[in-house]
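[1] Kindly return the folded structure for what I paste below:
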Amino acid sequence: MKVKLVNLIIRTFGPMKYFPLRRIIEEEIEDTNTKRGVVTIHAKGATPGVIVMSIDDLNYFDQIIKNIIPITGWKHGNAYAHLRSTIMSTTQTIYYENGKLYMPDNYEVYFVETRPVHNHRRTIHLIIRGI
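    A predicted model of the protein is given here:
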């Protein structure tokens, strides 16, 4: 079994901005020369999210999250960001085969910036395990 660890650094802005990762993840998988395995995507921090979502459903998902957890009304300044991150999760694990994530073509892996930041550096860890 081969294992590859990758640290991606992306610059984000927000709140609730979605950054597609599928192409980057599949390029890193291709670099391992493995046939199949799993990749774990982990966003470092207490407020980001990582989701796997149909591209067609992204706007619907965004509206639901914003309606369930509004930005205003919290005693802690960015409590909404922590709650949104908890609902989404900061980690996803996806099977891959022949260099491609095992999910429909109209699906994407998104990093989600939940806080109102600009030009913020975020770290995303990829752990690729395959044979």
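[2] how about the helices in the chain?
    For the chain, applying DSSP state H gives helices covering 22-30, 58-68, 79-88.
[3] any idea which residue sits dead centre in this protein?
    Taking CA atoms, centre = their mean, the centroid of the chain lies closest to residue 50, which sits 2.6 Å from it.
[4] re the thing from before, would you mind finding the most buried of the helices of the chain?
    Of these, the one with the most neighbours on average (mean count of other CB atoms under 10 Å) is helix 79-88, at a mean of 18. For every residue, glycine as well, the C-beta is placed using N, CA and C.
[5] Kindly export that one (C-alpha atoms) in CSV.
    Taking only C-alpha atoms (Å, rounded to 0.1, in the frame of the first residue of the first chain), the coordinates of helix 79-88 have been written out as CSV:
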residue,chain,number,x,y,z
ALA,A,79,-20.7,30.9,16.7
TYR,A,80,-22.6,30.5,13.4
ALA,A,81,-19.3,29.5,11.6
HIS,A,82,-18.6,26.8,14.2
LEU,A,83,-22.1,25.4,13.9
ARG,A,84,-22.1,25.5,10.1
SER,A,85,-18.8,23.7,10.1
THR,A,86,-20.1,21.1,12.6
ILE,A,87,-23.1,20.3,10.3
MET,A,88,-20.9,20.0,7.2
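[6] May I have the residues that are in contact with the residue nearest to residue 96 when sequence neighbours are not counted?
    Counting by CB to CB, 6 or more residues apart in numbering, residue 96 lies nearest to residue 29, which is 5.4 Å off, once chain neighbours are set aside. Contact analysis of residue 29 by CB atoms under 8 Å, 6 or more residues apart in numbering lists 37, 39, 96, 99, 100, 101, 128, 130.
[7] and of those residues, the nearest to residue 83?
    Of all those, the one sitting nearest residue 83 is residue 39; the distance, using CB to CB, is 26.7 Å.
[8] nearest spatial neighbour of the closest one, skipping sequence neighbours?
    Counting by CB to CB, 6+ apart, residue 39 lies nearest to residue 128, which is 4.8 Å off, once chain neighbours are set aside.
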